[in-house]
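[1] Mind looking at a prediction? Sequence and model below.
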Amino acid sequence: MNTRKTFYIYDSFFMPTGYNHRFFVEKFARGFAYNGYKLKIASKPDQLKEPGFVMIADHPFYYSFGARGNRNGNILIYVPSIIERIDKKLNLLKKINEKIQDRHLKSIAESIKGKKITLIAWFRQNQKEFIDNLGIPVIYTGEYFYSKPVVSKQLEWYNFYKKEKTAMPIEFAADVNPSEIGKGCTNKEILVSYVGNKGYKPELYSEFVSRKDCSIHPTPPYISENERIKIYKKSIISLGLHANINIKNAIVNERVFEALAYGAICLTDNKYAVKATNGLAILIQNKDELVDKVDDLKNNYETIQRLRTSGFDFVRKEGTYYHRAKKFIQLNEELYP
């Protein structure tokens, strides 16, 4: 008899997991796979059958118009944002969405009740009273902040998870099985790499765009996940750049942990990334600092090897989604034995 538990990603028309968020959720889910869980996608409540977890997002139903399952990065991804702007004054779709999703949540609760399935609710703290009254195990979640955030929605969540025992924020991490860290990493062929949003500090990454010994891929257009990982594994240095609002909100993105996981030295514009990696990520604050640091590192083999080894050790011990998932498993056992 198969006793493995299951992690469900819930993605239906009425309760979608939008495209960009879905990327993250899949990586987080694989952390449970590294802990022995099966992974499944569910689009209907009656598909939730096996003990484990089911994770829901906070996207409204109209994210299914273009942004759900769209991996091409085309104009359709922006349809939900356009709808939100149109509906901002009317709030008609917002009210419709609330009713639709409340009904859908009730159906999910009816399906998982008594099956030892815990709901992981992403940014649903405003629905705490409603969800708690459904009578099912629940862990509220959202982003982790390394200091107090500035945006009101994030600040509300920060204050919530600081006091609620059923809340567990997720620190972004590397999607790597700890036992696989270091395998296939040469970290010699590419001096500087960057794969990430083209809006994140173009004045920094553009310094290396035309260099043949560098690999710079501002997105969109997107490259495959396999190609992205190959670039990390060949890189001496990787740029861990962030949106300014994420720095203000004290968020550290996956790119920082991924760089270390694949043997690259991470140069970052985010002071909180230094804190999050116990000082392994190196802060650079402008183009001149970046160029100087790259020049210093490329001629210092001993420093490169020391940082590379320390990066592997750090991620192997605490920097992957295996570790993040393990915290949820442990909290669930404490809350719902």
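    Yes, it's here.
[2] which residues of the stretch 51-200 of the chain fall in helices?
    Secondary structure of the stretch 51-200 of the chain by DSSP state H, counting those that start in this stretch: the helices cover 79-87, 92-112, 128-132, 152-163.
[3] could these be laid out in JSON lines, adding mean neighbour count and distance to T268?
    All C-beta spots, glycine's among them, are computed from the backbone N, C-alpha and C. As requested, the helices of the stretch 51-200 of the chain are exported to JSON lines (neighbours: other CB atoms under 10 Å; distance: least, CB to CB, whole Å):
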{"stretch": "helix 79-87", "mean neighbour count": "15", "distance to T268": "28"}
{"stretch": "helix 92-112", "mean neighbour count": "16", "distance to T268": "37"}
{"stretch": "helix 128-132", "mean neighbour count": "14", "distance to T268": "35"}
{"stretch": "helix 152-163", "mean neighbour count": "15", "distance to T268": "20"}
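[4] Quick one, which of those helices gets closest to K201.
    Among the helices of the stretch 51-200 of the chain, the nearest to K201 by CB to CB is helix 152-163 (21.1 Å).
[5] what packs against the closest one?
    Using 3 or more CB pairs under 8 Å, 6 or more residues apart in numbering; DSSP states H and E, no helix or strand is in contact with helix 152-163.
[6] Give me the residues contacting that helix.
    123, 125-126, 140, 142-143, 145, 148-149, 167-169, 249 (CB atoms under 8 Å, 6 or more residues apart in numbering).
[7] So what sits opposite F53 in the bridge?
    Residues in a beta bridge with F53, per DSSP bridges, are F7, T118.
[8] If you average pLDDT over each of the helices of the stretch 51-200 of the chain, which is lowest?
    Mean pLDDT per stretch puts helix 79-87 lowest among those, at a mean of 78.
[9] Name the surrounding residues that touch that helix.
    G18, H59, P60, Y62, Y63, F65, G66, A67, L93, K94.
[10] Filter those residues down to just the buried residues.
    Neighbour-count burial within those applies to G18, H59, P60, Y62, Y63, G66, A67, L93; the criterion is 16 or more other CB atoms under 10 Å.
[11] Next, the contact list for the fifth one, please.
    When contacts are counted by CB under 8 Å, 6+ apart, Y63 touches P16, G18, P80.
[12] if we go to 10 Å?
    Going by CB atoms under 10 Å, 6 or more residues apart in numbering, Y63 touches 13, 15-19, 21, 57, 70, 77, 79-81, 83-84, 97.
[13] before we move on, what about L335?
    Per CB under 10 Å, 6+ apart, neighbours of L335: T118, P137, V138, I139, K165, T166, M168.
[14] The first one and I112 touch, don't they?
    Yes. The pair T118 / I112 is scored as a contact, 8.3 Å apart, by CB atoms under 10 Å.
[15] Closest to N299 out of the contacts of L335?
    Closest approach between those and N299, by CB to CB: M168, at 43.9 Å.
[16] ok, the closest one - how many residues close by?
    20 (other CB atoms under 10 Å).
[17] and the gap between it and S238?
    The gap separating M168 from S238 is 29 Å, by CB to CB, to the nearest Å.
[18] just Y200 next, same as before
    Using CB to CB, we find Y200 at a distance of 13 Å from S238.
[19] can you list residues touching both of the two?
    The contact lists of Y200 and S238 share Y194, R255, where a contact means CB under 10 Å, 6+ apart.
[20] Which one of those two is surrounded by more residues?
    Neighbour count, other CB under 10 Å: between Y200 and S238, S238 has more, with 29 against 21.
[21] Specify the beta-bridge partners of the more buried one.
    As for beta bridges, S238 partners with S193, C266 under DSSP bridges.
[22] residues touching V315, list them.
    Counting by CB under 10 Å, 6+ apart, V315 touches 173-174, 176, 178, 181-182, 257-263, 277, 280, 323.
[23] For ChimeraX, write the selection for the buried entries among those.
    In ChimeraX, a selection of the buried entries from the contacts of V315 looks like this (16+ other CB under 10 Å):
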select :173,174,176,178,181,182,257,258,259,260,261,262,263,277,280,323
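[24] Check the contacts of V315 and tell me the two furthest apart.
    G263 and H323 (18.7 Å).
[25] quick one, what contacts N270?
    So N270 contacts 146, 240-244, 246-247, 250-253, 255-256, 276, 281, 283 (CB under 10 Å, 6+ apart).
[26] In the stretch 101-250 of the chain, what residue spans correspond to strands?
    Taking DSSP state E, counting those that start in this stretch as the criterion, the stretch 101-250 of the chain carries its strands at 117-122, 138-141, 190-197, 215-219, 235-240.
[27] Next, format those as a markdown table and append distance to D288 and mean pLDDT.
    Output for these, formatted as a markdown table (distance: least, CB to CB, whole Å; pLDDT from 0 to 100):
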| stretch | distance to D288 | mean pLDDT |
| --- | --- | --- |
| strand 117-122 | 40 | 98 |
| strand 138-141 | 40 | 98 |
| strand 190-197 | 15 | 97 |
| strand 215-219 | 18 | 96 |
| strand 235-240 | 15 | 98 |
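[28] Understood, closing this out.
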